[in-house]
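> below: sequence and its predicted model.
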Amino acid sequence: MELYREGQRIFGENRAQEMAAKAKMLPADIEWHLIGHLQTNKVKLIAPFVSLIHSVDSQRLLAEIDCEARKFGRTIDCLLQFHIAQEETKFGLDEAEARVLLESDAFKAMQNIRIRGVMGMATLSENSELVRAEFRQLHGIFDRLKRAHFQANPYFQEVSMGMSSDWKIAVEEGSTMVRIGSLLFGPRE
């Protein structure tokens, strides 16, 4: 609420259940972003109010978001999440999978989602050149997808990369959104 009183209106949450609970308790003009891994069975919890889902990592998830958005007469903005890190524990598409998804008839039939850009998480590392290279890779993916699939769509403009530990490098490499909850709120308990 302190940040809200200072004028902040965009808040991200890692977990769908926590976001749904917070959305009920906090002012209605908050723009909620789901930034963590999202399971298909949790989409229904956030579909009525979420503004942007950063973590779309499969066609199946995107189809579920489209289905739930339709139930509420909404269009939900989404980012395609890419696996750019050296860590196997991170989620995301590779570029070939994204192209298959974007060229599929199933995607073309979706009416209640809008792809706004890309998201990725760099390796958690002190090696700033590795992190920089991963962010540069994601921005390259964004550029290629923009040219191939979204040339005429001005809404495809977001590159969500950078967290509390590496946001400065991300901004230098073209990030349009950073996820800095730990800097603002401290580490998760």
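All right, it came through fine.
> quick one: Ala63 from Ala152, how far?
24 Å (Cβ to Cβ, to the nearest Å). To be clear about C-beta, it is placed using only N, CA and C from the backbone, and glycine gets the same treatment.
> I meant to write Phe185 there.
For Phe185, the distance to Ala152 - Cβ to Cβ - is 39 Å.
> higher neighbour count, Ala63 and Ala152?
Ala63 (17 against 6; other Cβ atoms under 10 Å).
> report the contact partners of that one.
By Cβ atoms under 8 Å, 6 or more residues apart in numbering, Ala63 lies in contact with Ala106, Met110.
> and the residue positioned nearest the centre of the chain, which helix or strand is it part of?
The structure's the chain has its C-alpha centroid closest to His54; by Cα atoms, centre = their mean the separation is 1.1 Å. In this structure, His54 sits in strand 52-56 according to DSSP states H and E.
> how about residues contacting the lowest-mean-pLDDT helix or strand in the chain?
Within the chain, no helix or strand scores below helix 181-185, which has a mean of 85 by mean pLDDT, DSSP states H and E. Contacts with helix 181-185, where a contact means Cβ under 8 Å, 6+ apart, come from Leu3, Gly12, Asn14, Met163, Ser164, Ser165, Trp167, Arg188.
> pull out the buried residues from that helix.
Gly181 (16 or more other Cβ atoms under 10 Å).
> and if you look at stretch 21-37?
For stretch 21-37, burial by neighbour count (16+ other Cβ under 10 Å) applies to Ala23, Ile30, Trp32, His33, Leu34, Ile35, Gly36, His37.
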